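> with the sequence up front, the predicted model follows.
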Amino acid sequence: MGLKKGLLKLVSKLPNGTLSKLAMKGILGKAPDISTALYQKDFKNLSLKINWNIGDVKGYQIFDQTSYTKKYGEHLEDPDIVLSIPDIEHIKRFITNKDVNVEPSRDLDNNFILCIQDPLLISRFKKPGTNPLILGQLPLFSDLRKKLVYGKSLYSKPDDEVVEKEEIVSLLKSMLENTDIKSDEKYQENFKDRVYKVNWDMDGIYAYQIFEEAHYSYKYGELLEDPDVTLTPTSMKYAKLLLRRDPIDITYAKDADNNFQTCIKLPFLFTWFKDPNMSWITLSKLPFTSSLADVEGSVGGPKEYGSYIPVNISMGEYKNEVVPLKVFEHFINKASNIVVVHCLCRINYKCQNHSIEHGCMYMGDDTKNIVLNPEQQRVISKEEAVQYVREAIEDGLIPLLGRSIGETEGQKVHDTGHFLSSCFCCTCCCINGKMFSNASETMLSSSMLERMKGLEVKIDPAKCVGCGKCLEVCVYKGRELVDGKATIIEHCLGCGRCVEVCPNGAVSIEIVDSSYMDEMISRIEAIVDVEDQTTRTIT
């Protein structure tokens, strides 16, 4: 799809059938260099047969370690993966719009989908840096949140027919009149001791709302001079969708002027996997995904670092201590604010082995900007945080600690260097494990995760019988069998799972010098500060 700028206007005018053929030929022609070490690693012990559907055009690809095969106009009888782009208008949009955002989702049958973000609503806040999820406290959006189909894509686009102005006026007036604050249990809590002013601008159709703890007022046809936020649907059809409170799948972004956007996920690429246990991250090994990657995001961005901390293992001077608890207590005691979140990985994969409650823990001033969903998120005390970590460890979960901009953005918070992320991962659902088990070598090389310095994982060849149990539990591809013996490779993150399962005690893990634990703490503190910034003294 790497067309030159001079062809973009031409592409937008091409008939759908012609564009489907060109897109298919472009994907099939994007052949990998099978001689490279990266390709050899990606397809070691892996062969993928893929059928493509773009509009009404067929094609297939076969990838294995020694060859790449393609065929235009035909399908394989027994593919491993089927990829479909049914709406050719999305192809045009993707090719001609360099700023298009692509985001993963799921359909109602839990099949993976890549979606295009389509701006639904622009929010212009009076106060810069306002957490946009504050909109969720407004009655319209509070009601809408109950109807959002989280993780399930909108199957059909909003109606393409002309939306009459009178219809929008009627829907808007109905919304203004029927905002019932008395029956909303959260309303008084949300607006306690404050007033929030909202302007609506729908292509020249105006209205405002004023929310107070014990009062609600509105006016159609006028705007306030000094609103807290101005809300502007991007089109009349989206205004209709919003005001009707239709079930939608939303995501978030920002426009060129740094205004917050509420976006709809429009399905772009549909997938089907023959093996339901195959991870969608396997798609990162295919050449076409390079055109979907955000290669600019990591260049010159904030520093990130993360490391797993092994649990309940004899580790040099720390052999009589629970090492993760020692490290977490260091940051917990300093933290200005602590938020815990249910584990979305275990929720999404319907985990049968561990509680969803021991998910992520976030610390620092930036966490104060999270608009909490009380069903899944809460602020806890330092004492509760220590107990939270202790319970997670006792449940056999492996702690991960570090700074991840993706985690911050996932909470819709601007990262200013005061957001420390930690996860408590299980072997069955961990997204990091699925990434390391299925992702391309290129994707893995850009990971923020590293093995903690000074942590040594050893295998005694005299004791190793090559049973492969350590390979079975290593979700990070950190083991290989060579000449009948287990070996450690570069992807080993030192989580310690292999130590517990080895029947012959052939695997050992230890910190060779206690100073490395302090080095890890210092490395994290160099890129994220969890202390209260309002009380810091500038020297």
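Structure received. Predicted model, so just to flag it, every value in this text is computed and none were measured. Numbering: from 1, shown residues only.

> give me phi/psi at the residue of the chain positioned farthest from its centre?
Distance to the chain centre peaks in the chain at residue 462, reaching 43.2 Å (criterion: CA atoms, centre = their mean). Per-residue torsions, residue 462: phi -70, psi -30 (degrees, to the nearest 10).

> the residue most central in space within the chain and residue 341: what is the separation?
Closest residue to the average C-alpha location of the chain: residue 410 at 6.1 Å, with CA atoms, centre = their mean. Separation of residue 410 from residue 341 (CB to CB, to the nearest Å): 10 Å. Just so you know, the C-beta spots here come from the backbone N, C-alpha and C atoms, and that holds for glycine as well.

> repeat that for residue 206.
Taken as CB to CB, the span from residue 206 to residue 341 is 38 Å.

> quick one: which of those two has more around it?
With neighbours defined as other CB atoms under 10 Å, residue 206 and residue 341 compare such that residue 341 has more, 22 against 16.

> wait, that one sits on residue 359?
Yes: taking contacts as CB atoms under 8 Å, residue 341 lies within contact range of residue 359: 4.9 Å.

> now stretch 469-485: how far from the chain's centre is it?
28 Å (CA atoms, centre = their mean, to the nearest Å).

> sec struct for residue 327, please.
helix (DSSP: H, G, I helix; E, B strand; the rest coil).

> count the residues that sit near it.
Residue 327, neighbours per other CB under 10 Å, totals 23.

> quick check: it vs residue 524, distance?
9 Å.

> overlap in contacts of those two?
Both residue 327 and residue 524 are in contact with residue 401, where contact means CB atoms under 8 Å, 6 or more residues apart in numbering.

> which SSE is immediately downstream of the helix or strand bottoming out on mean pLDDT in the chain?
Lowest mean confidence among the helices and strands of the chain (mean pLDDT, DSSP states H and E): helix 8-13, at a mean of 66. Moving toward the C-terminus from helix 8-13, the next helix or strand (DSSP states H and E) is helix 16-29.

> where does pLDDT dip in the stretch 51-200 of the chain?
For the stretch 51-200 of the chain, the stretches with pLDDT under 70 are 95-99, 129, 133, 143-160, 180, 182-185.

> next one: the stretch 251-400 of the chain
Ranges of the stretch 251-400 of the chain meeting pLDDT under 70: 291-302, 311-323.

> mind jotting down where the strands sit in it?
With strands called from DSSP state E, counting those that start in this stretch, the stretch 251-400 of the chain shows them at 260-273, 305-308, 338-341, 360-363, 377-379, 398-403.

> who are the packing partners of the longest one?
What that stands for is strand 260-273. Packing partners of strand 260-273 (3 or more CB pairs under 8 Å, 6 or more residues apart in numbering; DSSP states H and E): strand 81-85, helix 88-96, strand 102-106, strand 112-125, strand 250-254.

> tabulate these (CSV), appending mean neighbour count and distance to residue 289.
Listed next are the helices and strands packed on strand 260-273 as CSV, based on neighbours: other CB atoms under 10 Å; distance: least, CB to CB, whole Å:
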stretch, mean neighbour count, distance to residue 289
strand 81-85, 20, 11
helix 88-96, 18, 13
strand 102-106, 18, 10
strand 112-125, 20, 9
strand 250-254, 16, 19
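
> ok, back up a step: Serialize the strands of the stretch 251-400 of the chain to a markdown table and add fields for distance to residue 69.
Converted to a markdown table, the strands of the stretch 251-400 of the chain look like this (distance: least, CB to CB, whole Å):
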| stretch | distance to residue 69 |
| --- | --- |
| strand 260-273 | 20 |
| strand 305-308 | 39 |
| strand 338-341 | 45 |
| strand 360-363 | 43 |
| strand 377-379 | 48 |
| strand 398-403 | 40 |
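
> hang on, the earlier thing: residue 192 is nearest to which of the helices and strands packed on strand 260-273?
strand 112-125 (20.3 Å; CB to CB).

> how far away from the center of its chain is the closest one?
With CA atoms, centre = their mean, you get 15 Å for strand 112-125.

> nearest to residue 189, out of the helices and strands packed on strand 260-273?
Minimum separation from residue 189 across the helices and strands packed on strand 260-273 (CB to CB) falls at strand 112-125, 21.3 Å.

> burial count for residue 324?
24.

> meant to ask about residue 30
17.

> now do residue 107
Residue 107: 16 surrounding residues under other CB under 10 Å.

> what's the spacing between it and residue 271?
Taking CB to CB, one finds residue 107 at 9 Å from residue 271.

> hey, what's in contact with both of these two?
With CB under 8 Å, 6+ apart as the test, residue 107 and residue 271 both reach residue 113.

> tell me where the stretch 51-200 of the chain has strands.
Using DSSP E, counting those that start in this stretch, strands in the stretch 51-200 of the chain cover 57-64, 67-72, 81-85, 102-106, 112-125, 196-202.

> ok, residue 127 touching residue 228?
Yes: counting by CB under 8 Å, residue 228 is a contact partner of residue 127 at 7.3 Å.

> of the two, give the one with the bigger neighbour count.
A count of neighbours by other CB under 10 Å puts residue 228 above the other of residue 127 and residue 228, at 18 against 7.

> and the more buried one, what pLDDT?
According to the prediction, residue 228 has pLDDT 95.

> about what we covered before: want to try a markdown table for the helices and strands packed on strand 260-273, with distance to residue 28 as columns?
As requested, those are arranged in a markdown table below (distance: least, CB to CB, whole Å):
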| stretch | distance to residue 28 |
| --- | --- |
| strand 81-85 | 12 |
| helix 88-96 | 15 |
| strand 102-106 | 20 |
| strand 112-125 | 18 |
| strand 250-254 | 30 |
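
> those: which one's closest to residue 424?
Using CB to CB, the nearest of those to residue 424 is strand 102-106, at 22.8 Å.

> now do stretch 254-261: distance to the chain's middle.
19 Å.

> make that stretch 29-44, sorry
27 Å.

> same deal with stretch 434-443?
Centroid displacement of stretch 434-443 relative to its chain, using CA atoms, centre = their mean, is 15 Å.

> would you mark the buried spots in that stretch?
For stretch 434-443, burial by neighbour count (16 or more other CB atoms under 10 Å) applies to 434-441, 443.

> wait, which of those residues is closest to residue 307?
Nearest to residue 307 among the buried residues of stretch 434-443: residue 436, at 14.0 Å, using CB to CB.

> residue 423 touches residue 406, doesn't it?
No: with contact defined as CB under 8 Å, residue 423 and residue 406 do not form a contacting pair (11.5 Å).

> could you check which of those two has the larger neighbour count?
A count of neighbours by other CB under 10 Å puts residue 423 above the other of residue 423 and residue 406, at 25 against 11.

> what's across from the more buried one in the sheet?
residue 360, residue 400 (DSSP bridges).

> for the closest residue to residue 397 other than its chain neighbours, grab the count of nearby residues.
Distances taken as CB to CB, 6 or more residues apart in numbering put residue 424 closest to residue 397, at 3.9 Å, once the chain neighbours are dropped. For residue 424, the neighbour count with other CB under 10 Å is 28.

> touching, residue 424 and residue 398? I think so.
Yes: Residue 424 is within contact range of residue 398, at 7.1 Å (criterion: CB under 8 Å).

> so how far is residue 28 from the closest residue to residue 43 other than its chain neighbours?
Computed as CB to CB, 6+ apart, the closest residue to residue 43 that is not its neighbour in sequence is residue 65, at 4.5 Å. For residue 65, the distance to residue 28 equals 20 Å [CB to CB].
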